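Colleague: Here is my input; please provide its structure:
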Amino acid sequence: MKTLPNEIEQLLLAWDKYFHTWWAVHYTLGITGTISAISVASQPKFLLGIPYLFDGFAWISAVCIALMTFLMPSRRAKAYVNAWRILNDACNRYKMDENYQISELLNAVKKGEEIIAPSDPS
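Modeller: Modelled structure (predicted):
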């Protein structure tokens, strides 16, 4: 069985980490924004006595929605996981198939980068 180049292993780990990070950002902003918006809309009676609470919830909700709009965390997470899947498959093939060449592994890296690039606004 062939061993992967260290750079490829590190890239595989990084893409997995970026996927989980962006997915966590997506859910954190979404849940926080939703709970804040529901609190403002429903204004539960037990919270009415706290000054400026609903103003704070409104701002939190607005900031979360703005961040989700501009950062697009779910789009980035999906790009990283799709790139990871392609590279992971190529890595498995490279390790197990003696006929699978390093050039094919490098092509998988290139394809993964092409998937990630449109999700990155920079």
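
Colleague: only C-alpha atoms for contact and neighbour calcs from this point on.
Modeller: OK.

Colleague: how about the helices in the protein?
Modeller: Remark: helices assigned in the chain by DSSP state H are 6-42, 53-71, 73-96, 102-116.

Colleague: Highest mean neighbour count out of those?
Modeller: helix 73-96 (a mean of 20; mean count of other Cα atoms under 10 Å).

Colleague: Identify each buried residue in stretch 115-122, please.
Modeller: 115-116, 119 (16 or more other Cα atoms under 10 Å).

Colleague: Show me the contact partners of that stretch.
Modeller: 75-76, 79-80, 82-83 (Cα atoms under 8 Å, 6 or more residues apart in numbering).

Colleague: hang on, the earlier thing: will you turn the buried residues of stretch 115-122 into a markdown table that also has pLDDT and distance to Phe19?
Modeller: As requested, these are exported to a markdown table (pLDDT from 0 to 100; distance: Cα to Cα, whole Å):
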| residue | pLDDT | distance to Phe19 |
| --- | --- | --- |
| Ile115 | 97 | 13 |
| Ile116 | 96 | 11 |
| Ser119 | 85 | 12 |
